[in-house]
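**Q** got a predicted structure plus its sequence, pasted below:
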Amino acid sequence: MFLGIDTGGTYTDAVLYSRENGVLAKAKALTSRHDLAVGIGEAVSGVLAAGDTAVEDVELVSLSTTLATNALVEGQGGRVALVMIGFQEEDLKRDGLAEALGGDPVAFLPGGHNVHGRETPLDMGPLEAQIDTLKEEVAAFSVAGYFAVRNPAHEIAVRDFIRARTGLPVTCSHELSSKLGGPRRALTTLLNARLVAMIDRLIDATEGHLSRCGITAPLMVVRGDGALIAATIARQRPIETILSGPAASLVGARHLTGMSDAVVSDIGGTTTDVAILEDGLPRLDPDGAVVGGFRTMVQAVAMHTFGLGGDSEVHVSETGLETRLELGPRRLMPLSLAAHIDAAAVIAALERQLDTGHAGRLDGRFACRTGVPERFATGLQPQERALFDRLTEALIPLDRLLSSASQKATLDRLVARGLVHVAGFTPSDAMHVLKRQSNWNGDAAVLGARLLARRKSGAGKPVAESAEELAQMTVDRLTRQSCEVILSACLAEEGETRIDAANSRSVDRALERVHGIVRFHLTLDRPLVGLGASAASYYPDIAAMLSSDSAIPDDADVANAIGAVVGHVRSTVIVFVTTPQEDVFAVNGAGLSERFLNEDEAMDRARAIAETAAHDEALAAGADEPVVSLREIVKAPEIEGIRSLVEARVIATADGRPRIVR
């Protein structure tokens, strides 16, 4: 019997699954971001009770999560120092690296290697001068060396120095990717370091609860391409778990529907994730996963992630004559959930704001600490520290917390650091107002809708005449934006870059069924599979607007958790053979750099290195008896009858089911 767990931004799901009988039981609990063990514990205890299962019957535990994806979409993560070896400052301008770095510190060191693995001497002096200051300002370090994929020696030396002097987590770029492209590798490494603490907390929470329950089965984590890795590997390379939840949902969609070709859209609290299922397999992104606007070097499902979900922030545009609602990309704690946690304080504040008789810009908004350990608040500016110190884990109305626009910007920075939650009106609240959802406090949702409805448009008219009208406007907007993001994802997969689904007048006429001399019509050429806890509420209308068939499987609400337990462990290693000079063949990869005088010997050595490394990586990742396959890509043009090797790549892939405990 297998236990699957999915930790999302709002809910943590758990399923009990067997190969013979499928889903035996499922359970949900609120994701407790301040202490992930609470939500995980409730979900796991709930599913074990529902399945009437003894803990010793659990042979494997597998975990998928959207926490890493959500953090990058929302711009969250710990403060990190980036160490660049052999790069120049202008390299920060490439691949969005400077934007991703933001205000985090960076150190440049002379050193690095060339394409064949030969070194430029490493100078640690600049880092030695900064290290004592940096360790007080950051939660982790990331290290990227010039051509480190060909020779990682300098990255390893810097990593060991940082660990010895600081004791903080360090991520090296060669550990995450074997692809060339230093700035994008540095970007991937930076994002990985930002996520280390978050994924570490998640795995600690999961392992802690499993241990308390007496479950001794191995813990696996879903990678962004749908494969499984051991929890120990996920701790070191948390960036590989971006798109973990969406990848698991795609595997789950295939398993639940049996469909070989479909558009799969998974709506959660924070994001909507859209991907294509083709010939029974998910399409992979050949250029690396894009999340939060950054293209990484992480091999993952070709997933299009948008900041749109049931807990998306509802914005009211007041500049035009007609009121317009926009949703996302930031996630808020729904008011109905906030009142579910602390009804007296939230209801009292909302009623007080309604009694004022006039609309305030901070009405219906609250803030509280997320409850992460104090060490994650390192490096705060004085104004950030002052505001953070005024907050507790109790919800405080923003009109009592903030007194200026600059403080609002300060609060937003604390939210981006993952230190603070903001609560406000969301589509989940709208569903409570419309009586289509009832799991939290509907009274708070109604009060929040009334506060938002009385805001004025540019023409001086209220946004809506009633809470119900405002709620329906919100749900209608979610339907429309969902159609736009699904179309955007599908058009991108078709290579169509000229049509902007969100701003195209033709798309607008087709979706709204506008009559005219020319009638526009569009549809999907394959079914739309809707996943997520709220899929049954939203996707029939979304599919109808797209004039498409839809499928919402019975267990759509736990598809991610199901996908987590039906996957395989896969590991891929690439070893390169190049010619730094005539009749000399360099073999680089898997942390090795060797020279040969014979091409055949070099290729044989590359095959042996790749096969062994892939097999060993798969074993370390938790595979049971992995099988290795090899393929080769050789660039060796023949000029005037003479063959000349430019580059050869030996690619080894190991595949196997995860080890289980019987």
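**A** Happy to help now that I have it. It should be emphasised that the depicted structure is a prediction, and the values quoted were computed from it without experimental measurement. Numbers count the residues shown, from 1 in each chain.
**Q** if I look at the spatially most central residue of the chain, what pLDDT would I see?
**A** Per CA atoms, centre = their mean, the C-alpha nearest to the average position across the chain is that of Thr69, at 1.1 Å. pLDDT recorded at Thr69 is 73.
**Q** then Leu452?
**A** Reported pLDDT for Leu452: 94.
**Q** that one sits in which helix or strand?
**A** helix 442-453 (DSSP states H and E).
**Q** contacting residues around that helix?
**A** 314, 316, 334-336, 338-339, 343, 346-347, 350-351, 353-354, 359, 363-364, 424-425, 428-430, 432-433, 435, 462-471 (CB atoms under 8 Å, 6 or more residues apart in numbering). For every residue, glycine as well, the C-beta is placed using N, CA and C.
**Q** mind giving me the packing neighbours of the longest strand belonging to the chain?
**A** Counting residues, the longest strand found in the chain (DSSP state E) is strand 569-581. Under the contact criterion of 3 or more CB pairs under 8 Å, 6 or more residues apart in numbering; DSSP states H and E, strand 569-581 touches strand 584-589, helix 599-620, strand 647-656.
**Q** where is the longest helix in this protein?
**A** Scanning the chain for the helix with the most residues, using DSSP state H, yields helix 182-213.
**Q** that one: which residues count as buried?
**A** 182-203, 205-207, 209-210 (16 or more other CB atoms under 10 Å).
**Q** same question for stretch 14-28.
**A** Those buried within stretch 14-28 under the rule 16+ other CB under 10 Å are Ala14, Val15, Leu16, Tyr17, Val23, Leu24, Ala25, Lys26, Ala27, Lys28.
**Q** who's in contact with Phe147?
**A** Gly86, Gly112, His113, Asn114, Val115, Gly117, Leu180, Gly182.
**Q** in the stretch 351-500 of the chain, which spans are helices?
**A** 382-390, 398-401, 405-416, 427-433, 442-453, 467-493 (DSSP state H, counting those that start in this stretch).
**Q** quick one on the thing from earlier: please pick the buried ones from the contacts of helix 442-453.
**A** 314, 316, 334-336, 338-339, 346-347, 350, 353-354, 359, 363-364, 424-425, 428-430, 432-433, 462-464, 467-468, 470-471.
**Q** and stretch 46-62, what's buried?
**A** So for stretch 46-62, counting by 16+ other CB under 10 Å, buried means Gly46, Val47, Leu48, Gly51, Thr53, Val58, Glu59, Leu60, Val61, Ser62.
**Q** wait, the second one sits on Ala14?
**A** Just to be clear, that refers to Val47. Yes: using CB atoms under 8 Å, Val47 is in contact with Ala14, at 4.0 Å.
**Q** between those two, which contacts overlap?
**A** Common neighbours of Val47 and Ala14 (CB under 8 Å, 6+ apart) are Leu3, Lys26, Ala27.
**Q** show me the contacts for the last one.
**A** The contact partners of Ala27, taken as CB under 8 Å, 6+ apart, are Asp13, Ala14, Glu42, Ala43, Val44, Gly46, Val47, Ala49, Ala50.
**Q** where's the residue nearest to the centre of the chain, which helix or strand?
**A** Going by DSSP H and E, Thr69 is in helix 67-73.
**Q** give me the number of residues near the closest residue to Asp273 other than its chain neighbours?
**A** In space, and not counting its chain neighbours, Asp273 is closest to Pro246: 3.7 Å by CB to CB, 6 or more residues apart in numbering. Neighbour count for Pro246, taken as other CB atoms under 10 Å: 35.
**Q** against Asp266, how distant is Pro246?
**A** The gap separating Pro246 from Asp266 is 6 Å, by CB to CB, to the nearest Å.
**Q** how much space between the closest residue to Leu191 other than its chain neighbours and Arg519?
**A** Once flanking residues are discounted, Leu191 sits nearest to Ile239: 5.6 Å by CB to CB, 6+ apart. Using CB to CB, Ile239 is found at 47 Å from Arg519.
**Q** so for these two, which residue has more residues nearby?
**A** With neighbours defined as other CB under 10 Å, Ile239 and Arg519 compare such that Ile239 has more, 30 against 10.
**Q** hmm, the more buried one is touching Gln299, no?
**A** No: Ile239 is beyond contact range of Gln299, at 10.9 Å (criterion: CB under 8 Å).
**Q** great, nothing more from me.
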